[in-house]
Each structure stands twice: as C-alpha cells, then as structure tokens.
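Enquirer: Curious how this folds, go ahead:
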Amino acid sequence: MSENPYAPPQSELVGTDNLNRNIAWKVYFYFMLALTFVGVVGLLTVEDAGAAEFISLILAIPSLTGFFGYVFSKKILTRKLWVINFYVQITWLVLYYFVTTADLSAGMDQQLYVVSTAVMWALSIPYYIALFLYANKKYPIWLEKA
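Expert: Numbering: from 1, shown residues only. I've put the predicted structure just below:
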C-alpha cells in the first residue's frame, strides 16, 4: 500500500475548473447585458439615429457573446475571431463618437454629459479587459486540446 489514501486523485485531463468566475463577474455580465440592451434600444428610438447606431447594435452581439464566453469559461468559435472582435470593438468605441449623428448628450449640460461619459467608460473597463483576456492566446480555454 504505497499510495497515500489522503492525497487528492490525479488526472491528466486539462479542464477549466480553475476558470470558474466568481458571482461578481456573472452579475456584471447580466448588468452589462441589460445596460447594452437599454442603451442600444434607446439610441435606436431617437429621431436622429443613423447608421452608427445600427452598427453598434450589430457589434454588440458578438461582443456580448465573447464576454459570455469569458465569464462562463465557454469556448465559443475560434480565438482568432475574438482577437479580431476585440480590435473591432476598441476601434468602434473611439470612432463612434466621430461618426454618430445622434445627440448623445440627450439634453444634459456639458458637465453632466462629460461625467456620465466618464462613468460609462469606467464601467466598461472590466468588459474590455475580459474581451482582451478571452482573445489572448495564453488564456487556458484556448490551450485545451480539442
């Protein structure tokens, strides 16, 4: 009897058990899902909504899908797709302010508009970090053998 009966079992299988996100990430996912839905619907219902708002809607779907994959440790499509998605999202995040025809201030004075934009960007930082990490080639879910 050379084996230690108290030692945990060993396995050669590589899993994502160590990637289980805590509840805060899951709450944040549903918060961002609701915020994105409300924001996109709100922008699509304003009178001066243009092509930029429809592009935002189209880009929100793969972005939220990648965020879901990160939060719930699910391998969705390919890593290369998520690398492209990340760069498209970052580029659109900056370009949107230059190409939109919608009145983003929605009646707010300049100071309140700047503060609300800063809060929105601050709330989005973990979202974009998650998209970056999900696209990273060293992210454990992409290291698993198929």
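Enquirer: which residues sit against the strand or helix carrying residue 34?
Expert: For residue 34, the host element (DSSP states H and E) is helix 23-45. Helix 23-45 is contacted from outside by 49, 53-54, 56-57, 60, 64, 67-68, 71-72, 102, 123, 126-127, 130, using CB atoms under 8 Å, 6 or more residues apart in numbering. Bear in mind the C-beta positions are built from the backbone N, C-alpha and C, glycine included.
Enquirer: Number of residues surrounding residue 71?
Expert: Neighbour count for residue 71, taken as other CB atoms under 10 Å: 20.
Enquirer: Am I right that it is in contact with residue 129?
Expert: No. With contact defined as CB atoms under 8 Å, residue 71 does not count as touching residue 129 (12.0 Å).
Enquirer: Could you pull out the residues contacting both of the two?
Expert: Common neighbours of residue 71 and residue 129, counting by CB under 8 Å, 6+ apart, are absent.
Enquirer: Residue 141 and residue 73 touch, don't they?
Expert: Yes. In this structure, residue 141 is within contact of residue 73 by CB under 8 Å, at 6.0 Å.
Enquirer: in the helix of greatest length in the chain, what counts as buried?
Expert: Criterion DSSP state H: the longest helix present in the chain is helix 110-135. Residues of helix 110-135 classed as buried: 127, 128, 130, 131, 132, 134, 135 (neighbour count, 16 or more other CB atoms under 10 Å).
Enquirer: separation between the first one and residue 25?
Expert: Spelled out, that is residue 127. Distance, residue 127 to residue 25, by CB to CB, to the nearest Å: 11 Å.
Enquirer: Just give me the residue closest to the centre of this protein.
Expert: When CA atoms, centre = their mean is applied to the chain, the residue found nearest the centroid is residue 67 (3.6 Å).
Enquirer: contacting residues for that residue?
Expert: Shown in contact with residue 67 (CB under 8 Å, 6+ apart): 29, 32, 127, 130, 131, 134.
Enquirer: what's the answer for residue 136, then?
Expert: Residue 136 sits in contact with residue 142, where contact means CB under 8 Å, 6+ apart.
Enquirer: quick one: it from residue 64, how far?
Expert: In this view, residue 136 and residue 64 are 19 Å apart by CB to CB.
Enquirer: Same question for residue 114.
Expert: Here residue 114 is placed at a distance of 26 Å from residue 64 (CB to CB).
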